[in-house]
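Student: One predicted model, sequence on top.
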Amino acid sequence: MSQQTSKIEELRELDKKHYLHPTSPIGAQQEHGPAFIFTKGEGIYLTDMSGQKVIDGMSSLWNVNIGHGRNEISEVASKQMSTLAFSSSFATFSNEPAIRLSAKLAEIAPGDLTATFFTSGGSESNDTAYKLARHYWILKGEPKRKKIISRTHSYHGVAMGATSATGIQAFRDFTNSLAPDFHYADHMSPESLRQVIESEGPETVAAFISEPVQGAGGLHIATKEYFKAVREICDEYGILFITDEVITGFGRTGTYFGMDHYDVAPDMMCFAKGVTSGYAQLGGVMISSRMHEDFTKLSTGTLLHGYTYSGHPVACAVALRNLEIIERENLIANSSQMGEELLNGFINLQASFESIGDVRALGLMGAIEFMKDKEKEERFPQPLAPMVVTEAAKRGLILRSVVFNGQDTLVFSPPLIITKEQINDMMSILHEAIKAVETAIK
Ligand code: PLP
């Protein structure tokens with residue numbers, strides 16, 4: 001056995017014994033060990049210990065927007081670590097990267113979102129948003145407003161509030177006790193939102209939260225009318241509208257933010273992932289200037305919410321350079337153009353395979369949905385998407401499947417630097433993978 005092979009074996013055994021993986025099938029890990037042990041990332045590619053190079057068709061977790069292996073970012077992080085690795089932002093202490101990043105975010109965010117509360121990721125951002133919204137209503141003299149309404153098929157993370165807001169039932173069923181005061185409206189119907197508000201009592205509703213494009217719940221793209229109507233309903237009942245741009249922020253859908261497609265301004269916005277492209281852990285919540293003014297005017301004490309790593313100087317320095325790269329390399333325009341290529345690729349595949357029902361994309365966020373009978377929207381008894389994921393991985397392409405609520409969907413979210421040739425490579429692999437699955441089920 002070579003030295004490298006025995007090292008891989010050693011790591012596989014240690015992984016099985018000691019590493020409890022997030023959102024992973026524990027049985028498969030115990031039986032087979034980890035699917036990949038990655039050692040290197042470069043551009044749209046990841047390489048594992050055995051030397052296998054794969055296309056990261058998901059930008060890992062919808063987050064490595066600028067692609068892997070950017071030395072420029074590691075230099076910025078190293079410089080920041082050697083000058084000021086950490087200092088707190090509690091008690092009004094501050095640091096330059098956090099200040100400059102909050103100013104930059106105010107410049108690029110939709111509407112009049114002007115102030116940022118920093119967190120370490122998406123779930124913390126969502127929990128922060130619910131608490132800030134509720135605190136806001138306490139300050140405004142309406143303490144009964146505490147209910148949060150979200151959408152079916154939504155995903156907002158795994159912290160207690162974020163799980164409770166998540167519209168995918170399976171995530172909520174994972175635990176036997178959830179946070180109170182979360183309610184769900186049908187994900188494509190503004191009327192359903194109105195009904196939930198009416199039945200719960202408008203004077204008890206603090207906020208409505210929505211992803212601009214639903215990601216983990218199966219990549220559902222709402223119509224322009226949907227968000228226009230939702231904004232109007234929130235205004236009518238005086239409810240705060242929170243957007244969860246954790247996936248859709250920073251160029252993913254071909255605009256800076258997902259909400260830019262809809263010309264609708266939220267009162268609060270959660271972000272994470274693409275703000276650093278995964279080079280450091282950072283998220284945040286932005287609030288409108290009106291809310292910021294109200295907080296300042298009405299608050300008599302301390303804003304009693306904060307994470308040790310809120311405004312981490314290294315993460316903020318990384319984010320600033322990441323945003324500079326996104327702008328310098330026109331990655332948002334590339335996301336829009338390559339998104340069209342991706343959709344064209346899907347349409348070509350759809351013409352070749354009977355099993356493909358629906359295809360859709362907005363920028364570089366895309367989906368292929370499998371159906372046994374398109375007319376009747378009938379599903380296969382065994383979903384095809386997970387099988388295609390396995391076949392694609394064997395051929396060098398990493399993707400993800402969504403099978404919640406009877407769905408059978410493949411989702412895509414490649415790095416924003418992807419080229420037309422690389423999309424063609426993805427489509428060739430996908431073609432072979434779907435062919436293998438269609439043959440296997442015949
Ligand atoms: N919100 C959305 C829309 C997400 O897709 C995710 C993660 O995928 C989260 C929140 C949670 O983010 P994190 O995993 O960084 O806590």
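Tutor: Great, that's in hand.
Student: distance of Gln10 from Leu20?
Tutor: Small correction: residue 10 is Glu, not Gln. 19 Å (CB to CB, to the nearest Å). For the C-beta atoms, the positions are set from N, CA and C on the backbone; glycine is no exception.
Student: More neighbours: which of the two?
Tutor: Shown here are Glu10 and Leu20; by other CB atoms under 10 Å, Glu10 has more neighbours (10 against 7).
Student: Ramachandran angles for the more buried one?
Tutor: phi -60, psi -50 (degrees, to the nearest 10).
Student: Then Lys40?
Tutor: Dihedral angles (degrees, to the nearest 10) for Lys40: phi -150, psi 140.
Student: Need the pLDDT of it.
Tutor: pLDDT, Lys40: 98.
Student: what residues does the stretch 51-200 of the chain put near the ligand?
Tutor: Contact residues (CB under 6 Å from any ligand atom) of the stretch 51-200 of the chain with the ligand: Leu61, Gly121, Gly122, Ser123, Asn126, Tyr155, His156, Gly157.
Student: all strands for the stretch 101-250 of the chain, in order.
Tutor: 113-119, 147-151, 182-185, 205-210, 213-214, 220-221, 240-244 (DSSP state E, counting those that start in this stretch).
Student: can you redo those strands as TSV with mean pLDDT, mean neighbour count and distance to His261?
Tutor: Formatted as TSV, the strands of the stretch 101-250 of the chain follow (pLDDT from 0 to 100; neighbours: other CB atoms under 10 Å; distance: least, CB to CB, whole Å):
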stretch	mean pLDDT	mean neighbour count	distance to His261
strand 113-119	98	24	16
strand 147-151	98	26	17
strand 182-185	98	21	21
strand 205-210	99	26	13
strand 213-214	98	24	9
strand 220-221	98	18	9
strand 240-244	98	28	12
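Student: can I get the ones you listed in a markdown table with distance to His431?
Tutor: Converted to a markdown table, the strands of the stretch 101-250 of the chain look like this (distance: least, CB to CB, whole Å):
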| stretch | distance to His431 |
| --- | --- |
| strand 113-119 | 41 |
| strand 147-151 | 34 |
| strand 182-185 | 38 |
| strand 205-210 | 35 |
| strand 213-214 | 25 |
| strand 220-221 | 24 |
| strand 240-244 | 34 |
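Student: Next, count neighbours for the closest residue to the ligand within the chain.
Tutor: Closest approach between the chain and the ligand, counting by CB to the nearest ligand atom: Gly122, at 2.1 Å. A count of nearby residues for Gly122, using other CB under 10 Å, gives 28.
Student: Same check on Gly217?
Tutor: Gly217 has 24 nearby residues by other CB under 10 Å.
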